[in-house]
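Q: my questions are about this predicted structure, shown below with the sequence.
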Amino acid sequence: MVRTATWRKPFLFLVLLLPLCSAADVTYDHRALVIDGARRVLISGSIHYPRSTPEYDFEGRKDLVRFVKTVAEAGLYAHLRIGPYVCAEWNYGGFPLWLHFIPGIKFRTDNEPFKSEMQRFTAKIVDMMKQEKLYASQGGPIILSQIENEYGNIDSAYGSAAKSYINWAASMATSLDTGVPWVMCQQSDAPDPIINTCNGFYCDSFTPNSDKKPKIWTEDWSGWFLSFGGRVPYRPVEDLAFAVARFFQRGGTFQNYYMAHVYKGGSGVCAAFLANIGTQSDATVTFNGKSYHLPAWSVSILPDCRNVVFNTAQISSQATHLEMRYLTSNGQHSDQPIDSSKASQSDWSFAIEPVGISKSDAFTKSGLLEQINTTADVSDYLWYSISIVIKGDEQFLFNGTQSNLHVESLGHVVHAFVNGKLSGDICQCILKCSGMGNSGNAKVALEKPITLVQGKNTIDLLSVTVGLQNYGAFFDLWGAGITGPVKLKGQDGTKDLSLDEWTYQIIVICKVYLGHLQS
């Protein structure tokens, strides 16, 4: 299937080396952002300033004012995406964990404690920018600001409170009087004058919610994050180029990260995009009396409506795929971890950590504790330890000593030890004695055959968080760690340990390298 588009109106491309010494008037129309009366085609790159303590910290690499001034010195414009929720594949979406412990707070909804903190932070950033005259209306580089982030993807889970919250956020932002437009990405019901924008791999089909607003692509996903335990994602540069060219072909004028064409001219200038959106077959199209060959899934750009200067499928590119594998002592690759007895032969140094409770700061509680509220994120590791006495005739046993250990966790990883040991060799234990979730479902359900002894037995469960959840409805309430049930299951009965007395220890564990990795 072939699509063509032709632009014959005068069009000014933003050359990103512009004098920024006087105040600029920034508005928008249906076509683009309008700066000092001229429509602009814009590209940009992103940076985030997540917060981690209750105090504002803008020192060193966190010096936001210095960064924006550096943008101005380079002659660039800035789109300041305040959030304060940023997602960004960042721990807790960029929120500090102390926010979670404010009484009565619920994140990203019509909740007074949250709105108070959100307004406090947003106003702080805006005031800092104003004091240094960094908004375009003051002669600075900031031409656009963003409030909230991708809320429309999950707002249905919050019911009617979501609409109230979005309207409040829009009103709060515009009341700060920055003199430049505000945007909300992925928010189709963004109230005027907020511009709703698109995030995604492809935004050519996106249409803003008003014919008075421009088509803006705030996040062009040139790749994707690697999920723990998942496959390595890869996006061909040809596909990225196709997406960008297609976006501009269909009326886009602001695209974040990459742009495929630059042109400037007066009246009568003709520029054309020829697109083949078929994924398998090449095509030939006749345009202005001339035939053009279009490879599958590509866009050709004709800045003069005649000569092809660029086709997105014909890019000479190099790509590197990183693969981590174990290297044995004789230099051979292996897909399995190396036995600890051979670890000393490798070039890696390693440390063996004690299993279970080993320090005086341990504490005891009845029942299973949620991990984030217990550790306050000072560590990713929490030991859950319990002792039980076995007589040999319990109904949850097989043959007097065998049982099945059942553990359920909110995530993200659980390692189970019985009497200080994992059964079997290290390779099999990593596979059979542990469990982990994934980015789509962090919960863990571990079912492990174990051998007990008559007398006292200790079960130590090491719960691990791989960072904190950063996205989703009510992500701040999802929790982590072993919340149960924890059971011993036999042929004739089950023993539930969930409400018994458990000993806990928060600990930072050194990584144990049982082999060495080569990319």
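A: Thanks, I have it.

Q: for stretch 406-416, what is the average pLDDT?
A: Mean pLDDT, computed over stretch 406-416, is 92.

Q: likewise for stretch 491-510?
A: pLDDT averaged over stretch 491-510 gives 89.

Q: how about that stretch: buried residues?
A: Of the residues in stretch 491-510, 495, 497-498, 502-507 count as buried by neighbour count, 16 or more other C-beta atoms under 10 Å. Using the backbone N, CA and C atoms, a C-beta is placed for each residue, glycine as well.

Q: those helices in this structure, which residues are they?
A: Secondary structure of the chain (DSSP state H): helices located at 64-73, 112-131, 160-174, 237-249, 371-375, 426-432.

Q: on that earlier part again, between the buried residues of stretch 491-510, which sits nearest L64?
A: I506 (32.6 Å; C-beta to C-beta).

Q: then stretch 375-394 to CSV, C-alphas only?
A: Extracted C-alpha coordinates of stretch 375-394, given in CSV (Å, rounded to 0.1, in the frame of the first residue of the first chain):
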residue,chain,number,x,y,z
THR,A,375,13.2,-2.2,54.4
ALA,A,376,12.2,1.4,53.2
ASP,A,377,14.3,0.5,50.2
VAL,A,378,17.6,0.8,52.1
SER,A,379,18.4,-2.6,50.6
ASP,A,380,17.0,-4.9,47.9
TYR,A,381,17.4,-7.9,50.2
LEU,A,382,15.4,-9.2,53.2
TRP,A,383,15.8,-12.5,55.0
TYR,A,384,12.7,-14.3,56.3
SER,A,385,13.7,-17.1,58.7
ILE,A,386,11.7,-19.6,60.7
SER,A,387,12.5,-22.6,62.8
ILE,A,388,10.3,-25.7,63.2
VAL,A,389,10.8,-29.0,65.1
ILE,A,390,10.1,-32.2,63.3
LYS,A,391,9.2,-35.5,65.1
GLY,A,392,8.8,-37.6,61.9
ASP,A,393,5.1,-38.4,62.1
GLU,A,394,3.7,-35.1,60.9
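
Q: next one: it to chain centre, how far?
A: 32 Å (C-alpha atoms, centre = their mean, to the nearest Å).

Q: just the buried positions in that stretch, please.
A: 375, 377, 380-386, 390, 394.

Q: please apply the same query to stretch 460-471.
A: Buried, per 16+ other C-beta under 10 Å, within stretch 460-471: 460-466, 468-471.

Q: taking the residues you listed one by one, which sit in strands?
A: 460-464 (DSSP state E).

Q: farthest pair in these?
A: D460 and V464 (13.1 Å).

Q: just the strands in the stretch 401-519 of the chain please.
A: Using DSSP state E, counting those that start in this stretch, the strands found in the stretch 401-519 of the chain span residues 402-409, 413-418, 434-436, 444-451, 455-464, 486-489, 494-496, 501-506, 516-518.

Q: next up, the contacts around the closest residue to H406 other than its chain neighbours.
A: Closest residue in space to H406, ignoring its immediate chain neighbours: K487 at 4.4 Å, by C-beta to C-beta, 6 or more residues apart in numbering. Residues near K487 by C-beta atoms under 8 Å, 6 or more residues apart in numbering: 396, 405-406, 494-498.

Q: what about 10 Å?
A: K487 is in contact with 396, 403-408, 447, 494-498, counting by C-beta atoms under 10 Å, 6 or more residues apart in numbering.

Q: about what we covered before: just the helices of the chain: most buried one?
A: helix 237-249 (a mean of 22; mean count of other C-beta atoms under 10 Å).

Q: render the CA-only coordinates of that one in CSV, please.
A: C-alpha atoms of helix 237-249 as CSV (Å, rounded to 0.1, in the frame of the first residue of the first chain):
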residue,chain,number,x,y,z
VAL,A,237,17.4,1.8,12.6
GLU,A,238,15.5,1.4,9.3
ASP,A,239,12.3,1.0,11.1
LEU,A,240,13.0,4.0,13.3
ALA,A,241,13.7,6.1,10.2
PHE,A,242,10.5,4.9,8.6
ALA,A,243,8.5,5.9,11.7
VAL,A,244,10.0,9.3,11.8
ALA,A,245,9.5,10.1,8.1
ARG,A,246,6.0,8.7,8.2
PHE,A,247,5.2,11.0,11.2
PHE,A,248,6.3,14.1,9.3
GLN,A,249,4.6,12.9,6.2
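
Q: helices or strands up against that helix?
A: Where contact means 3 or more C-beta pairs under 10 Å, 6 or more residues apart in numbering; DSSP states H and E, helix 237-249 is packed against strand 2-7, strand 216-220, strand 254-256, strand 271-276, strand 298-302, strand 310-311.

Q: output the lowest mean pLDDT helix or strand found in the protein.
A: Within the chain, no helix or strand scores below strand 516-518, which has a mean of 37 by mean pLDDT, DSSP states H and E.

Q: how near is the closest residue to Y135 other than its chain neighbours to Q186?
A: Using C-beta to C-beta, 6+ apart and skipping the chain neighbours, the partner closest in space to Y135 is I142 (4.8 Å). For I142, the distance to Q186 equals 22 Å [C-beta to C-beta, to the nearest Å].

Q: who has more neighbours, the two?
A: A side-by-side neighbour count of I142 and Q186, using other C-beta atoms under 10 Å, places I142 first with 25 against 21.

Q: wait, what's in contact with the more buried one?
A: With contact taken as C-beta under 10 Å, 6+ apart, I142 is in contact with 24, 26, 68, 71-72, 77-80, 126, 129-130, 134-136, 178-180.

Q: how much space separates it from A445?
A: In terms of C-beta to C-beta, I142 sits 49 Å off from A445.

Q: next: F95.
A: Noted for F95: a distance of 29 Å to A445, by C-beta to C-beta.

Q: for these two, indicate the residue with more neighbours.
A: A direct count of neighbours by other C-beta under 10 Å for F95 and A445 places F95 higher, at 27 against 11.

Q: what sits against that one?
A: Applying C-beta under 10 Å, 6+ apart, the residues near F95 are 50-52, 83-86, 107-108, 114, 117-118, 121, 468, 470, 475-476.

Q: T109 against E148, yeah?
A: No - between T109 and E148 there is no contact under C-beta atoms under 10 Å: 11.5 Å.

Q: any common contacting residues for the two?
A: 155, 165-166.

Q: and which of the residues you listed is nearest Q314?
A: D155 (41.6 Å).

Q: and the closest one, how many neighbours?
A: The number of residues packed near D155 is 22, by other C-beta under 10 Å.

Q: might one say that it is in contact with A169?
A: No - applying C-beta under 10 Å, one finds D155 not in contact with A169, separated by 11.3 Å.

Q: joint contacts of those two?
A: 108, 148, 187.

Q: which of these tops the neighbour count?
A: Going by other C-beta under 10 Å, E148 tops the shared contacts of D155 and A169 with 29 neighbours.

Q: quick one, what contacts it?
A: Counting by C-beta under 10 Å, 6+ apart, E148 has contacts 81-86, 108, 118, 122, 155, 165-166, 169-170, 173, 182-187, 190, 194.

Q: what pLDDT is listed against it?
A: 97.

Q: ok, and the closest non-adjacent residue to the residue nearest the centre of the chain?
A: Geometric centre of the chain, nearest residue: E89, 2.0 Å, by C-alpha atoms, centre = their mean. Excluding the flanking residues, the one nearest E89 by C-beta to C-beta, 6+ apart is F225, at 4.6 Å.

Q: could you do S498 as well?
A: Nearest to S498 is G484, by C-beta to C-beta, 6+ apart, at 3.9 Å.

Q: so who does the one you found touch?
A: So G484 contacts 367-368, 384, 406-410, 496-499 (C-beta under 10 Å, 6+ apart).

Q: let's see 7 Å
A: Residues in contact with G484 (C-beta atoms under 7 Å, 6 or more residues apart in numbering) are 368, 408, 498.
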